[in-house]
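Visitor: sequence and predicted model, in that order:
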Amino acid sequence: MAEESILTDDFLRELMNVGEVDILVGVRTYNDEKTIGQVVQALRSGLLQFFPRQRAVIINADGGSRDATQDLVRAASISDLHHVANLQTLRTLHCISTQYPGGQASGNAFYSILAAADLLHPSMIAVISGHSTQIEPEWMARLLQPICRDNFDLVSPVYRRHKFDGLLVRNLVYPMGHALYSQFVKEPRPSEFALSGALATHFLGLDIWSQEAGRTGAGMLLPIAAITGGFKPAQIFLGSRERVQHSESGLVPAMRQTVGTLFWSMEKNFPVWSGAASLPPIPTIGGEPQITLEPLRINRKRLFEMFRTGVAELEPVLQSILRPSTLSELQRLAAIPEEQFRFEDNLWARAVYEFAVAYHKAVINRDHIIQALAPLYRGKTFTFLIENRDSSAEKVESNVERLCLTFERLKPYLLELWDGVK
C-alpha cells in the first residue's frame, strides 16, 4: 500500500499542525459509536494522569464507519476531563480522525497509524481498539511505561481468560510459534498493545503491506518481526478480557488471519527459525495470565462429527497435503467411537507441520490448505475439551506446555520436510 494513499492532504495538514510528539496513541475503529467515547475518555485521562509532561496525540484510524464514530472522536476535548481531580498537563493533547482505504482490514488501520508515526517521531506508540469496553486509564501506564522505563520494544497484553477461550491460539498458534522462534507471546493478535518508535520504523519498512498477510494479519506479524528482528518484547497483565463468542462460520476466517499468517511468515523468516537459538521466556509484568473455571457450554459432539465428516469428505485434498502414514492415522482416528477418541499431541504436531510445508510448497491453493486444516483442528479441540473438562487452571496450563514441548521436539521433522520431497 502506497503511503501517499494513506496520508491524504487533510490528514497531512493535521499532522503538521501537531508536530513531533513523544507519545502516539492509535485507535482503530469501525462503527464504534457506542464505545468510542468511553475509549477516548479513558485514553485522555490516562495520558494526562501518567504522562503530563509528554507531548501526545490520539489518532483515530477509521475503516469507513457509517455511524457517528469519527464525529465523536473529533469532538473530544480536554474539557471533557474537568471531573478528573488533580490533573495538570504542560502539553496540548491533540486528537485527529482519518479514514483509510480498504474497509475494515486491521492491517490498513495499523499502517495508517505507523505512517503517521513516521512523520511525528514518537518514542512510544500504543494501539487500542475502539471497542475495548474494559479499558481503564491505567492501561496507558501499563502499556507505555515498560517502553520508556525498561526499554522494551513491544508490550503485548495477557488477560484473565476462561480455560476454554482462545483455543486456536492454545492448541496451534502459540505452540507452533514458540517451537519456531523459541519464544512467543500469549496473545499473538491483541486488540491493544504498545511498541517503541524503533520497532515501529522497522515494521513499517517491511514488505508486507501490499500483501494479504499484511492487510489481515499485521497484528500476528508484529511479534514475529520483534522476535526475528532482535527487539525486546514483554507482556503486561491487563486484567479480565471479555469473552467473544465466535460462530462456527468464523473459524476459517480466524484461521486465515492467524495460522495462515504464521505459515506465510515462515518463508521470509526461514533463516531465523531454521536455526533459532534458545531464547529466555518473554517476561510478564504485573502478574501472569490467569484462567477462570466457571461453567461453559460447548457442543463437543458437533466438533467430533465435523472432524469425522471432514476427514472423509476432504480425503482427496488431504492426500495432497499429508504423508500417507499421517492420513492413515487420521482416518483410523475418525473411525473410533466418540467415547474412545483422543487426538494425541504427537499426531497433531506432525499434521500441522505437514500442512505448513504444503502451504510453503503451494501443493494446492493455499486458502484451500487452511480450510482443510479446520476439521482437524476441531478434532484436536474436542480432545482438549475432554482432557480439561474437570482440570484446574494449573493443569490446563500444564497441558498447553506439554503440547509446546511436542512441537519443539518435532521441529527437526518440519525441517526435514521443508525442502524435501513429500
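Guide: Sure, I can see it.
Visitor: mind giving me the packing neighbours of the strand or helix carrying Asn17?
Guide: Assigned by DSSP states H and E, Asn17 falls within helix 9-18. Contacting helix 9-18 under the criterion 3 or more Cβ pairs under 8 Å, 6 or more residues apart in numbering; DSSP states H and E are the following elements: strand 93-99, helix 106-120. For every residue, glycine as well, the C-beta is placed using N, CA and C.
Visitor: using a markdown table, lay out the ones you listed together with mean pLDDT.
Guide: Below are those laid out as a markdown table (pLDDT from 0 to 100):
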| stretch | mean pLDDT |
| --- | --- |
| strand 93-99 | 89 |
| helix 106-120 | 93 |
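Visitor: so which of those gets nearest Val21?
Guide: For the helices and strands packed on helix 9-18, the distance to Val21 is smallest for helix 106-120, at 4.9 Å, taking Cβ to Cβ.
Visitor: on that earlier part again, ok, residues contacting the helix holding Asn17?
Guide: Helix 9-18 has contacts (Cβ atoms under 8 Å, 6 or more residues apart in numbering) with 7, 57, 94, 96, 98, 116, 119-120.
Visitor: one more time with 6 Å
Guide: Contact with helix 9-18 is made by 57, 94, 96, 98, 116, 119, as judged by Cβ atoms under 6 Å, 6 or more residues apart in numbering.
Visitor: just stretch 164-176 next, same as before
Guide: By Cβ under 6 Å, 6+ apart, stretch 164-176 touches 184, 188, 243, 258, 296, 380-381, 384, 400, 403-404, 407.
Visitor: ok, and what's touching the longest helix along the chain?
Guide: Using DSSP state H to define each element, the chain has its longest helix at helix 366-387. Helix 366-387 is contacted by residues 167, 171, 251-252, 255-256, 260, 300, 303-304, 306-307, 310, 314, 317, 342-343, 348, 351, 355, 358-359 when judged by Cβ under 6 Å, 6+ apart.
Visitor: ok, of the residues you listed, which come out buried?
Guide: 167, 171, 251-252, 255-256, 260, 300, 303-304, 306-307, 310, 314, 317, 343, 348, 351, 355, 358-359 (16 or more other Cβ atoms under 10 Å).
Visitor: which ones are touching the residue nearest in space to the middle of the chain?
Guide: Among the residues of the chain, the one closest to the centroid is Arg189, at 0.7 Å (Cα atoms, centre = their mean). Arg189 makes contact with 219-220, 258, according to Cβ under 6 Å, 6+ apart.
Visitor: switch the helices and strands packed on helix 9-18 over to a markdown table; also include distance to Gly229 and mean neighbour count.
Guide: Formatted as a markdown table, the helices and strands packed on helix 9-18 follow (distance: least, Cβ to Cβ, whole Å; neighbours: other Cβ atoms under 10 Å):
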| stretch | distance to Gly229 | mean neighbour count |
| --- | --- | --- |
| strand 93-99 | 28 | 20 |
| helix 106-120 | 15 | 24 |
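Visitor: rebuild the ones you listed as CSV, extending it with distance to Pro324.
Guide: Shown next, in CSV, are the helices and strands packed on helix 9-18 (distance: least, Cβ to Cβ, whole Å):
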stretch, distance to Pro324
strand 93-99, 52
helix 106-120, 38
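Visitor: just to revisit the earlier point, any buried residues in the longest helix of the chain, and which?
Guide: Of all the residues in helix 366-387, those buried under the rule 16+ other Cβ under 10 Å are 366, 369-386.
Visitor: which secondary structure elements does the helix or strand just after it contact?
Guide: For helix 366-387, the following helix or strand on the C-terminal side (DSSP H and E) is helix 393-409. If contacts are counted by 3 or more Cβ pairs under 6 Å, 6 or more residues apart in numbering; DSSP states H and E, helix 393-409 sits against helix 174-181, helix 345-361.
Visitor: deepest of the ones you listed, which one?
Guide: helix 174-181 (a mean of 24; mean count of other Cβ atoms under 10 Å).
Visitor: against which helices or strands is the helix or strand just after that one packed?
Guide: Downstream of helix 174-181, the next assigned helix or strand under DSSP H and E is strand 193-196. In this structure, strand 193-196 makes packing contacts with strand 124-129, helix 138-150, strand 154-162, judged by 3+ Cβ pairs under 6 Å, 6+ apart.
Visitor: 10 Å instead, please
Guide: Counting contacts by 3 or more Cβ pairs under 10 Å, 6 or more residues apart in numbering; DSSP states H and E, strand 193-196 packs against strand 124-129, helix 138-150, strand 154-162, helix 197-204, helix 212-228, strand 233-240.
Visitor: what about the fourth one, distance to the chain center?
Guide: Okay, so that is helix 197-204. 17 Å (Cα atoms, centre = their mean, to the nearest Å).
Visitor: with the fifth one instead?
Guide: A distance of 8 Å separates the C-alpha centroid of helix 212-228 from that of its chain, computed with Cα atoms, centre = their mean.
Visitor: tilt between it and strand 124-129?
Guide: 140 degrees (axes from the mean of the first three to the mean of the last three Cα atoms, to 10 degrees).
Visitor: what's the average pLDDT for helix 212-228?
Guide: Averaging pLDDT along helix 212-228 gives 93.
Visitor: could I have it exported to PDB, CA atoms only?
Guide: Provided in PDB are the C-alpha atoms of helix 212-228 (Å, rounded to 0.1, in the frame of the first residue of the first chain):
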ATOM      1  CA  GLU A 212      -2.900 -10.100   2.000                       C
ATOM      2  CA  ALA A 213      -0.900 -11.200   5.100                       C
ATOM      3  CA  GLY A 214      -0.200  -7.600   5.900                       C
ATOM      4  CA  ARG A 215      -3.700  -6.400   5.400                       C
ATOM      5  CA  THR A 216      -5.300  -9.100   7.600                       C
ATOM      6  CA  GLY A 217      -2.500 -10.400   9.800                       C
ATOM      7  CA  ALA A 218      -0.400  -7.400  10.700                       C
ATOM      8  CA  GLY A 219      -1.100  -8.000  14.400                       C
ATOM      9  CA  MET A 220       0.300 -11.500  14.100                       C
ATOM     10  CA  LEU A 221       3.300 -10.400  12.100                       C
ATOM     11  CA  LEU A 222       4.300  -7.700  14.700                       C
ATOM     12  CA  PRO A 223       5.500 -10.100  17.500                       C
ATOM     13  CA  ILE A 224       7.200 -12.200  14.800                       C
ATOM     14  CA  ALA A 225       9.000  -9.200  13.500                       C
ATOM     15  CA  ALA A 226      10.000  -8.100  17.000                       C
ATOM     16  CA  ILE A 227      11.500 -11.600  17.800                       C
ATOM     17  CA  THR A 228      13.200 -12.100  14.400                       C
END
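Visitor: quick one, domains of the chain?
Guide: For the chain, the structural domains run 3-292, 300-418, going by automatic domain parsing.
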